[in-house]
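Asker: Here is a sequence together with a model predicted from it:
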Amino acid sequence: MDHGRNGRPISRRVLLTSTAVALGAAAARAVSQAQAQQKIGQADAQYQGAPKGDQRCAGCFNFQPPDACKFVQGDISPSGWCQLFSPKDQS
């Protein structure tokens, strides 16, 4: 049997309860991270497969080569554009 900090034995029930609480907290964090990472649809972002002027996905901070975006679902063309366009830092 395991012993706690005070030298007294830890019951199986206490050990299992503590483990369940810790796992539950970890699962809750994972769910909230997944919810934060949900992407919006292309229609909602007003995505188009062609650039808008000199603005194109390849020049956007949110673009993830070769064909993804941090915020928009689906395949994203490097020469596409959406209303979430944010130019990469030019420094």
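Answerer: Noted; the coordinates are in hand.
Asker: The residue lying closest to residue 70 once chain neighbours are set aside - how many residues pack around it?
Answerer: Among residues not flanking residue 70 along the chain, residue 62 sits closest, at 4.4 Å (CB to CB, 6 or more residues apart in numbering). From N, CA and C alone the C-beta is placed, and that goes for glycine too. Around residue 62 there are 17 other residues, counting by other CB atoms under 10 Å.
Asker: Which residue ranges of the chain form strands?
Answerer: Secondary structure of the chain (DSSP state E): strands at 63-64, 68-69.
Asker: Looking at those strands, which one is packed in the most?
Answerer: Mean neighbour count (mean count of other CB atoms under 10 Å) peaks for strand 68-69 among these, with a mean of 18.
Asker: distance of the closest residue to residue 67 other than its chain neighbours from residue 43?
Answerer: Distance criterion CB to CB, 6+ apart; nearest residue to residue 67, sequence neighbours excluded, is residue 75 at 4.8 Å. Residue 75 sits 14 Å away from residue 43, going by CB to CB, to the nearest Å.
Asker: Of all the strands of the chain, which one comes closest to residue 48?
Answerer: Among those, strand 68-69 comes nearest to residue 48, with 12.9 Å by CB to CB.
Asker: helices or strands up against the closest one?
Answerer: Packed against strand 68-69, as judged by 3 or more CB pairs under 8 Å, 6 or more residues apart in numbering; DSSP states H and E, are no other helices or strands.
Asker: Partner strands of it and their direction?
Answerer: In the sheet, strand 68-69 lines up against strand 63-64 (antiparallel) (DSSP bridges).
Asker: Quick one: mean pLDDT for the partner strand?
Answerer: The pLDDT scores in strand 63-64 average 97.
Asker: Arrange the strands of the chain in a markdown table, one row each, with distance to residue 13 as further columns.
Answerer: Listed next are those as a markdown table, based on distance: least, CB to CB, whole Å:
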| stretch | distance to residue 13 |
| --- | --- |
| strand 63-64 | 47 |
| strand 68-69 | 47 |
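Asker: I appreciate the help and will end here.
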